[in-house]
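J.: Only the shape, not the letters, is given here:
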């Protein structure tokens, strides 16, 4: 099962186009031994379908340093010609995150595969990981957990723009995920991501609310007139595999749901 965002898949396709056909066919045989390809287009399609992630694909020996460098240069990225292949891979992965911050016109079909599975009413298939018959976010029931009472078992979120169907199960101890903070009183949303446990990240938000930390969107909202921490709820949206996927999914969901200020609590694409 491949895990590419739309921008990652598009970018990797362009890089593969820069390889000669002999390297592509060898790469095709390596990645998908039982799937034959006879043309460049077929080979690229098969390789993308059978690769686990953009990073895993770019690290393949047949994907040359020169092809990644040429791709980044053609896209106007300021990269050093002496950069190592790993540095160029890191640059590409970060570049594929950046366009999302300015794509407020992002169309539904441009959502990554993980997000698209949970967008309603577009796609209704279940996620391949962490899916159970009871999706939603539930208390971990640890003896000392300040997050349990704030968890929400909702499996459907309606934003100002569009909706999102939660298809995975989370608890306070889930980690490496995209999450949502929701206001009971006015239904405003905040979308965030964390590699830590959900409970640990939420505890940080809760402290900011209780201390009314200046310049922090969530703290400001729940300290506004008629609001308090009792209006807080938190739920997981998507399990992720790494930092790059978390940032891609977070930014796409901010745009898809419409949680940017003033319709939501996200001030920008990288706020607290």
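T.: Perfect, thanks for sending it. Only a predicted model underlies this, so the values are computations on that prediction, with no experimental measurement involved.

J.: got the phi/psi numbers for residue 234?
T.: Note on residue 234: backbone dihedrals following degrees, to the nearest 10 are phi -130, psi 140.

J.: That one - how many residues pack around it?
T.: Around residue 234 there are 23 other residues, counting by other CB atoms under 10 Å. For the C-beta atoms, the positions are set from N, CA and C on the backbone; glycine is no exception.

J.: Show me the shaky parts of the stretch 51-200 of the chain.
T.: 98-133 (pLDDT under 70).

J.: Now do the helices in it.
T.: Listed in chain order, the helices of the stretch 51-200 of the chain (DSSP state H, counting those that start in this stretch) span 54-58, 65-74, 85-95, 113-118, 198-210.

J.: Who are the packing partners of the third one?
T.: The reference is to helix 85-95. Where contact means 3 or more CB pairs under 8 Å, 6 or more residues apart in numbering; DSSP states H and E, helix 85-95 is packed against helix 6-17, helix 54-58, helix 65-74.

J.: Residue 221 is nearest to which of the helices of the stretch 51-200 of the chain?
T.: When the helices of the stretch 51-200 of the chain are compared by CB to CB, helix 198-210 sits nearest residue 221, at 8.5 Å.

J.: what's next to the helix or strand that that closest one is followed by, contact-wise?
T.: For helix 198-210, the succeeding helix or strand toward the C-terminus, using DSSP states H and E, is helix 217-222. The contact list for helix 217-222 (CB atoms under 8 Å, 6 or more residues apart in numbering) reads 181, 183, 188, 190, 205, 208-209, 211-213, 227-229, 231-232, 261, 265-267, 271-272.

J.: Let me see the contact set for the nearest residue to residue 261 once chain neighbours are set aside.
T.: Among residues not flanking residue 261 along the chain, residue 267 sits closest, at 5.2 Å (CB to CB, 6 or more residues apart in numbering). Residue 267 is in contact with 217, 260, 261, counting by CB under 8 Å, 6+ apart.

J.: how far away is residue 267 from residue 217?
T.: Using CB to CB, to the nearest Å, we find residue 267 at a distance of 5 Å from residue 217.

J.: The closest residue to residue 19 other than its chain neighbours - how many residues pack around it?
T.: Among residues not flanking residue 19 along the chain, residue 67 sits closest, at 5.8 Å (CB to CB, 6+ apart). Residue 67 is flanked by 21 other residues according to other CB under 10 Å.

J.: Same check on residue 13?
T.: Residue 13 is flanked by 15 other residues according to other CB under 10 Å.

J.: ok, of the contacts of residue 267, which one's closest to residue 237?
T.: Among the contacts of residue 267, residue 260 lies closest to residue 237 (CB to CB), at 16.2 Å.

J.: Phi and psi next, for the closest residue in space to that closest one that isn't next to it in sequence.
T.: Of all residues not flanking residue 260 in the chain, residue 266 sits nearest, at 5.1 Å (CB to CB, 6+ apart). Backbone torsions for residue 266, taken as degrees, to the nearest 10, come to phi -80, psi 120.

J.: In the protein, where's the longest helix?
T.: helix 243-257 (DSSP state H).

J.: Just list what that one packs against, helices and strands only.
T.: helix 6-17, helix 113-118, strand 163-165, strand 175-183, strand 189-197, strand 232-239.

J.: Nearest approach to residue 42 belongs to which of those?
T.: Here helix 6-17 is closest among those (CB to CB), at 11.6 Å.

J.: Give me the residues contacting the closest one.
T.: Residues from elsewhere that reach helix 6-17 (CB under 8 Å, 6+ apart): 4, 24, 27, 40, 43-44, 47-48, 51, 53-54, 57-58, 63, 67-68, 71, 92-93, 95-97, 99-100, 110-112, 244, 248.

J.: again with stretch 26-43
T.: Residues from elsewhere that reach stretch 26-43, judged by CB under 8 Å, 6+ apart: 16-17, 19, 21, 24-25, 45-47, 49-51, 57, 60, 62-63.

J.: Most neighbours among the residues you listed, please name it.
T.: residue 47 (27 neighbours).

J.: Hmm, residue 54 and it touching each other?
T.: No: in this structure residue 47 lies outside contact range of residue 54 using CB atoms under 8 Å: 11.6 Å.
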